[in-house]
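Novice: Following is a predicted model, sequence given first.
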Amino acid sequence: MHILLIYLEPLNNEPLGLMYIGTILKKEGYSVKIIGLKKRNNEKHIFQEIYEFRPSVVGISITTPLADIAQKIACFIKKRFPHIIVVAGGPHPTILPYETLKEKNIDICVIGEGELTIIELLRIISEKKDLRDVKGIAYLETNKLIITPQQDFIEDLDSLPFIDRELMPKSVIYGRAGYPLGNPCMLIIIGRGCPFNCSFCQPTIRRMFGAKLRRRSVENVIEEIVQLKTKYGINGLWITDDTFLVERSWVERFCDYLIKKNIDILWYANGRLNNPDEEILKKMYKSGCRGLVMTPESGSQRIRNEILNKGITDEEIFKAYRICKKIGLPFQANIMLATPTETEEELKSSLSLIKKIQPHFMNLSYTTALPGTYLYERYFNQIKDSLYYRRYSDFDIGRFKKLDCQIEDKKIKKIHRFFEKYYDKTSFRNRARHFLKYPYFRRILYRRWKTLLFSKYPKFLHLGYDIISIILGIIPYIINKNKYKE
C-alpha cells in the first residue's frame, strides 16, 4: 500500500511529527512519501504527485491556522481521486474532529498521538473491517460523529525508531544552516507530554500527548545524535522540546554523555525560566549548548501569571538572563503582544524587559486564543463576534489580533515595529552589536562560518549573508552606540 503524507507548508524544515509517522509506516512495510506545499500551483503539484505515486491513503497534518488550506486540498483530492481515503491528524483534528469532518473532504481524523493509531487504522482499512475497532480516531457515520476510545500513549519512547531522514529531499536534509549554529543543522525531539498549564496551549497539549512528561533515555538520544553526525555530518542540533530543562537529572546526564564521548556539536534548546540554575547552564555550555530559547512572554507579572498561567516571577527572569550572560550562553526571548486585559503600561513593560535583558535573538507573536485552549474557552463569545477571528487562518500567531484589550491598534503596531527594528533576530544591527560586543559570540560565528565553507554541502549564500549583514550593521551600530548600552 502506498501512503502519501502532506505537510501544509514548504519543506524548509523537517516536519518531525509527520516524519515519525512516515518512519513507522516504512518500518511496517508501507511505501511512504512526504511532500510539502509550494508557494504556488499546489493543485498541479499534488495532482502530479498522486498521479505518479498512486497512493491508497493520503495523510494530512493540520494545525488550526492551516485548516482552511487543508480542506481545500482534501476537496481537490476527493474530486479527482474519489477512491483515495483522506486521513487528518494533528492538533486541529484532535480538538475539532466534527468541524474537520463535516465538509466530507476528510474521511477520518486521528486523535492525539498517531503512531499506534495509524498502524491499526491501515490494517483495518486493508482488511475492510469495522473502523470502531481502531482506537483514537473520529469519523462520520450517517452524519453522526463517532469517536472511538482513546489510544494508549507510548510509554517507552525508546521503542520508536529514529526518524528516517531519507523521507526528506537532500535540499531539506542539508538545507538548514541554523543560525548561529553550524551547517548542516537538524532537529530532534527527546520527549512528549507537558505538566504545565499555560492558558494559550493547554489543555490541547495534554489531549495530544498527555500531562505526564515522557522522555527518551539519554543513551537513545545520544545514539541518534552520533548517527546523524556519522551519516550526515551535522554540526548543529536543535532540540525542539519546550520542556527540555524540566528534568534536571536528565539534562545533567545528557551533558555528561556529550562531554565524556567528546561529541563535537553545537546545539540549541528551549527552556522554562523557573528556578534558573547556574550549575546546569554551565554544564550545558560546556557540552556544546550555544543557544537557549526562554519565554517570559510579557514584562508584566500579572499578565504572565494571571492571564497566561506561566507561573514565572520577574526575579526568575532576570536571574536566568544574568546567568546566561555571565557564562556566555546566547539566548532568545519570546514575547507575546496584545494579551487579553493588557494595558498600554503593561505592553510597554515588555519593551522595558527586552531593553534590560538585551537578548541575542527575539521572537514576537500576538497572543492567540487557539481552539481547545483555556484562552479560547474563556473568550469564546468574543472570538465568534470578533473581526480578528473570521477564518481559521486568522489564528496564525503572526497575524495582528486582540481580545479584551483596550489599547489602540496603532499603538500596538507601533510598539511591535519598535521591537522588530531593534531586536529582531534577523536585524543587521543586532548581529553586528553582538559580534562586536561579545567575544564568545564571535567564536560561535567563526565556527559556523567554517562549517558553511567546508561541510559536505557548503552554504556560500548563508556565509555571504552573515558577513554582509554584520558589515552593514556595524555603521548604524557605531552611530547609535549609546542606544545599545546595557
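Specialist: Done, it's in.
Novice: which residues touch L11?
Specialist: 34-36, 168-169, 171-172 (CB atoms under 8 Å, 6 or more residues apart in numbering). The C-beta positions use only the backbone N, C-alpha and C, and glycine is treated the same way.
Novice: Recalculate using a threshold of 10 Å.
Specialist: Applying CB atoms under 10 Å, 6 or more residues apart in numbering to L11 gives the contacts 34-38, 168-169, 171-172, 175.
Novice: Got phi/psi on it?
Specialist: phi -80, psi 70 (degrees, to the nearest 10).
Novice: cool, and V87?
Specialist: Torsion angles, degrees, to the nearest 10, at V87: phi -120, psi 130.
Novice: follow-up on the earlier one: most neighbours among the contacts of L11, please name it.
Specialist: I34 (23 neighbours; other CB atoms under 10 Å).
Novice: Kindly provide the whole-number mean pLDDT of the helix or strand hosting I21.
Specialist: Element membership for I21 (DSSP states H and E) is helix 16-27. Averaging pLDDT along helix 16-27 yields 97.
Novice: same for whichever helix or strand comes after it, what does it pack against?
Specialist: Note on helix 16-27: by DSSP H and E, the next helix or strand toward the C-terminus is strand 31-36. Packing partners of strand 31-36 (3 or more CB pairs under 10 Å, 6 or more residues apart in numbering; DSSP states H and E): strand 2-7, helix 16-27, helix 42-53, strand 57-61.
Novice: strand partners of strand 31-36, parallel vs antiparallel please.
Specialist: As defined by DSSP bridges, the strand partners of strand 31-36 come to strand 2-7 (parallel).
Novice: if we can go back for a sec, turn the helices and strands packed on strand 31-36 into CSV, columns for distance to N334 and mean neighbour count.
Specialist: Below are those laid out as CSV (distance: least, CB to CB, whole Å; neighbours: other CB atoms under 10 Å):
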stretch, distance to N334, mean neighbour count
strand 2-7, 24, 22
helix 16-27, 20, 20
helix 42-53, 30, 14
strand 57-61, 23, 26
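Novice: Next, format those as CSV and append distance to I118.
Specialist: Formatted as CSV, the helices and strands packed on strand 31-36 follow (distance: least, CB to CB, whole Å):
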stretch, distance to I118
strand 2-7, 9
helix 16-27, 6
helix 42-53, 18
strand 57-61, 7
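Novice: With respect to Q202, which of those lies nearest?
Specialist: Proximity to Q202 (CB to CB) singles out helix 16-27 among the helices and strands packed on strand 31-36, at 18.4 Å.
Novice: Check the offset of the closest one from the chain's centre.
Specialist: For helix 16-27, the separation from the chain centroid amounts to 17 Å (computed by CA atoms, centre = their mean, to the nearest Å).
Novice: for stretch 55-70, same thing?
Specialist: Worked out by CA atoms, centre = their mean, stretch 55-70 lies 17 Å from the chain centre.
Novice: Distance across it, terminal residue to terminal residue?
Specialist: 18 Å (CA to CA, to the nearest Å).
Novice: Could you do stretch 389-404 as well?
Specialist: Using CA to CA, first and last residues of stretch 389-404 are 13 Å apart.
Novice: Show me which residues of it are buried.
Specialist: For stretch 389-404, a neighbour-count test (16 or more other CB atoms under 10 Å) marks 389, 392, 394-396, 401-403 as buried.
Novice: Can you tell me which of those residues is nearest K310?
Specialist: L403 (17.8 Å).
Novice: what's that closest one in contact with, if anything?
Specialist: 338-342, 366-369, 375-376, 378-379, 382-383, 386, 388-389.
Novice: try it again with 6 Å
Specialist: 340, 379, 382 (CB atoms under 6 Å, 6 or more residues apart in numbering).
Novice: R272: which of the helices and strands packed on strand 31-36 is closest?
Specialist: helix 16-27 (20.5 Å).
Novice: G193 is nearest to which of the helices and strands packed on strand 31-36?
Specialist: helix 16-27 (14.2 Å).
Novice: hmm, who's touching the closest one?
Specialist: 3, 5, 7, 32, 34, 61, 114-115, 118, 161, 163-164, 167, 187, 189.
Novice: Tell me which two of those sit farthest apart.
Specialist: Maximum distance among the contacts of helix 16-27 (CB to CB): 22.2 Å, for I3 and L187.
Novice: Including pLDDT, distance to P55 and secondary structure, could the buried residues of stretch 389-404 go into a markdown table?
Specialist: Shown next, in a markdown table, are these (pLDDT from 0 to 100; distance: CB to CB, whole Å; DSSP: H, G, I helix; E, B strand; the rest coil):
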| residue | pLDDT | distance to P55 | secondary structure |
| --- | --- | --- | --- |
| Y389 | 93 | 34 | coil |
| Y392 | 95 | 25 | helix |
| D394 | 94 | 32 | helix |
| F395 | 95 | 29 | helix |
| D396 | 95 | 29 | coil |
| K401 | 92 | 37 | coil |
| K402 | 91 | 42 | coil |
| L403 | 90 | 41 | coil |
